[in-house]
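A.B. asks: using only what follows, build the 3D model:
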Amino acid sequence: MKKNVVVSPGAAEGERSSTGAAPEVKCWSANRKKEVVLRLMRGEPVDALSRALGTEIYRLEEWHQKALQGIETALKAREGDPLAAELDAAMRRIGEITMENELLREKARRAHPLGFRRSKK
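C.D. replies: Take a look at the predicted model:
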């Protein structure tokens, strides 16, 4: 659910309006979310950050949790180029097919040692 921007002209991001309420932000980019998560990781209190940014605590904690999951996934990922792995698999398959063709040709040659003959009618 997106919120409408209610920032007064000339107001800085996170600055409170004259009513004391923090401005609402329409859309949070991935970069802005990353900055918020980094602030949380540095130990900034989530309630203070929530008030300063005008964002709910649950949302900040959700971003933090997703970031931690992303870090874990990235660290579990195997190193290497996925295209190289795909190329290696294709080369192995080509080798298997080539070997199979050679074996079938040899089997066919043994079954008909003189080759196929036409009748002399």
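
A.B. asks: I'd like the mean pLDDT over the one helix or strand I94 maps to, please.
C.D. replies: Assigned by DSSP states H and E, I94 falls within helix 82-111. Averaging pLDDT along helix 82-111 yields 91.

A.B. asks: so where do the strands sit in this protein?
C.D. replies: Along the chain, no segments are classed as strands by DSSP state E.

A.B. asks: for it, which spans come out with low pLDDT?
C.D. replies: Scanning the chain with the threshold set as pLDDT under 70 gives 1-26, 77-78, 113-121.

A.B. asks: buried residues in stretch 61-69, which are they?
C.D. replies: Neighbour-count burial for stretch 61-69, counted by 16 or more other C-beta atoms under 10 Å, picks out W63, H64, A67. The C-beta positions use only the backbone N, C-alpha and C, and glycine is treated the same way.

A.B. asks: so which of these sit within helices?
C.D. replies: Among the buried residues of stretch 61-69, the ones falling in helices (DSSP state H) are W63, H64, A67.

A.B. asks: closest to D47 out of the residues you listed?
C.D. replies: If you rank those by distance to D47 using C-beta to C-beta, H64 comes first, at 13.4 Å.

A.B. asks: separation between that closest one and E44?
C.D. replies: 11 Å (C-beta to C-beta, to the nearest Å).

A.B. asks: picking up where we left off before, okay, the buried residues of stretch 61-69 in JSON lines with distance to A90 next?
C.D. replies: Formatted as JSON lines, the buried residues of stretch 61-69 follow (distance: C-beta to C-beta, whole Å):
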{"residue": "W63", "distance to A90": "40"}
{"residue": "H64", "distance to A90": "41"}
{"residue": "A67", "distance to A90": "36"}
